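K.L.:
Build the 3D model from these lines:
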Amino acid sequence: MPGSSATASVTFPAAGRIPAAAGIGLRHPHHRALLDGDRRTGWLEAHAENYMTGGWIRHVLGRLREAYPLSLHGVGLSLGGAAPLDRDHLERLRQLVRQTEPGLVSEHVAWTGMGGLYLNDLLPLPWTEEALANLVAHVGQTQDALGRTILIENPSSYLAFRHSEMSEPAFLVEACRRSGCGLLLDVNNVFVSARNLGFDPEAYLQAIPGELVGEIHLAGHSRQDVEGVELRIDDHGSAVAPEVWALYRQTIARIGPRPTLIEWDSSIPDLPVLLAEAAKADAVLSGYGGAGVAGEDRHAVA
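P.N.:
Numbering: from 1, shown residues only. The predicted model follows:
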């Protein structure tokens with residue numbers, strides 16, 4: 001369980017592909033420890049926007065890319081926004097992808113601003129046909145620009161739109177099928193949304209076809225009392241909750257091993273703490289033949 005034994009047992013693929021093993025989110029406090037010494041985890045995931053400016057930070061990413069399979073995770077493309085995609089932002093992402101050749105590229109099913117105004121939040125969509133068509137068009141534009149398939153991540157939700165026309169899983173599955181993209185399944189987000197909105201997280205996960213899932217996210221969340229109502233906040237500031245681990249084990253048992261990221265973005269712990277969480281995921285994955293190669297590019301470009 002916690003420790004490095006499970007991670008050490010996996011067989012890593014050639015650089016570029018993401019193994020069906022546990023990885024960790026790349027954070028500045030851990031750069032030096034990851035650059036020094038032996039390989040510490042199966043793969044790394046970097047927030048794309050943190051490395052778009054070039055300079056020293058891009059150099060560090062390049063050094064780490066030489067040692068670890070890399071996934072890029074975007075937070076600012078606003079795929080769900082009604083406004084056209086920011087072409088400058090998309091070009092910066094394209095250049096970063098070209099230079100780092102990540103095994104996976106992902107973005108959120110959300111919107112983050114419009115008209116040149118950027119909001120530092122991942123804002124929700126209504127699950128409507130209109131929103132679906134808009135999302136699919138933006139995913140297609142992104143995939144065409146990058147020349148590869150991307151993954152889209154299910155959001156954590158704190159409200160539900162009355163005029164939604166379908167369930168969230170149905171919306172995501174249809175978006176994947178129409179655009180040819182895959183799904184980054186955030187199990188913590190499913191649990192947080194289920195507790196906030198009152199649906200069954202197991203039924204949600206059962207509605208997701210396994211073949212669409214290219215990566216899984218796990219993270220911690222917090223609880224707040226808002227005027228007597230419990231609210232779960234997806235703050236990535238603690239260890240993964242036992243209920244989320246249980247859902248994760250059920251998911252892996254159903255769909256098989258997938259690359260699994262431990263996100264810990266606030267109150268960032270020492271690296272050994274983060275690696276211990278990753279080892280827990282590796283222990284689950286190894287029970288189902290994990291550490292294969294994922295991230296095949298299903299969006300082939302001639």
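
K.L.:
Who are the packing partners of the helix ranked longest in the chain?
P.N.:
As assigned by DSSP state H, the longest helix anywhere in the chain is helix 129-146. When contacts are defined as 3 or more Cβ pairs under 8 Å, 6 or more residues apart in numbering; DSSP states H and E, helix 129-146 sits against helix 87-100, helix 168-179. Where you see a C-beta, it was placed from the backbone N, CA and C, and this is true even at glycine.

K.L.:
Of all the residues in that helix, which ones are buried?
P.N.:
Ala131, Leu132, Asn134, Leu135, Val136, His138, Val139, Gln141, Thr142, Gln143, Leu146 (16 or more other Cβ atoms under 10 Å).

K.L.:
Confirm Tyr118 sits in a strand?
P.N.:
Yes. Assessed with DSSP: H, G, I helix; E, B strand; the rest coil, Tyr118 lies in a strand.

K.L.:
which of the helices and strands packed on helix 129-146 is buried the deepest?
P.N.:
Stretch with highest mean neighbour count among these: helix 168-179 (a mean of 19; mean count of other Cβ atoms under 10 Å).

K.L.:
who's in contact with that helix?
P.N.:
For helix 168-179, contacts defined as Cβ atoms under 8 Å, 6 or more residues apart in numbering pick out 109, 125, 127, 131-132, 135-136, 139-140, 143, 152, 154, 157, 166, 181-183, 193, 204, 207-209, 212.

K.L.:
Just the C-alphas of the following helix or strand past that helix, formatted as CSV.
P.N.:
Going down the chain from helix 168-179, the next helix or strand is strand 182-186, by DSSP states H and E. Output of strand 182-186 as CSV, limited to C-alpha atoms (Å, rounded to 0.1, in the frame of the first residue of the first chain):
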residue,chain,number,x,y,z
GLY,A,182,-12.0,10.7,-25.1
LEU,A,183,-13.0,11.2,-21.5
LEU,A,184,-10.9,12.2,-18.5
LEU,A,185,-13.0,10.7,-15.8
ASP,A,186,-12.6,12.6,-12.5
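
K.L.:
Strand 182-186 packs against which elements?
P.N.:
Using 3+ Cβ pairs under 8 Å, 6+ apart: strand 182-186 touches strand 151-153, helix 168-179, strand 213-219.

K.L.:
Check what contacts the first one and list those residues.
P.N.:
The reference is to strand 151-153. 73, 79, 104-109, 135, 139, 172, 175-176, 181-186, 189, 214-215, 217.

K.L.:
got the buried residues for it?
P.N.:
Quick answer for strand 151-153 (16+ other Cβ under 10 Å): Leu151, Ile152, Glu153.

K.L.:
now swap in the last one and tell me
P.N.:
Judged by neighbour count (16+ other Cβ under 10 Å), strand 213-219 contains these buried residues: Val213, Gly214, Glu215, Ile216, His217, Leu218, Ala219.

K.L.:
all helices for this protein, in order.
P.N.:
Counting by DSSP H, the helices of the chain are 5-8, 31-35, 55-67, 87-100, 129-146, 168-179, 187-197, 201-206, 242-255, 271-286.

K.L.:
looking at these, which is closest to Gly25?
P.N.:
Closest to Gly25 of the helices of the chain, according to Cβ to Cβ: helix 271-286, at 8.1 Å.

K.L.:
For that closest one, give the mean pLDDT please.
P.N.:
What helix 271-286 shows for mean pLDDT is 96.

K.L.:
Now do it and helix 242-255, the angle between them.
P.N.:
Relative orientation of helix 271-286 and helix 242-255, computed by axes from the mean of the first three to the mean of the last three Cα atoms, to 10 degrees: 40 degrees.
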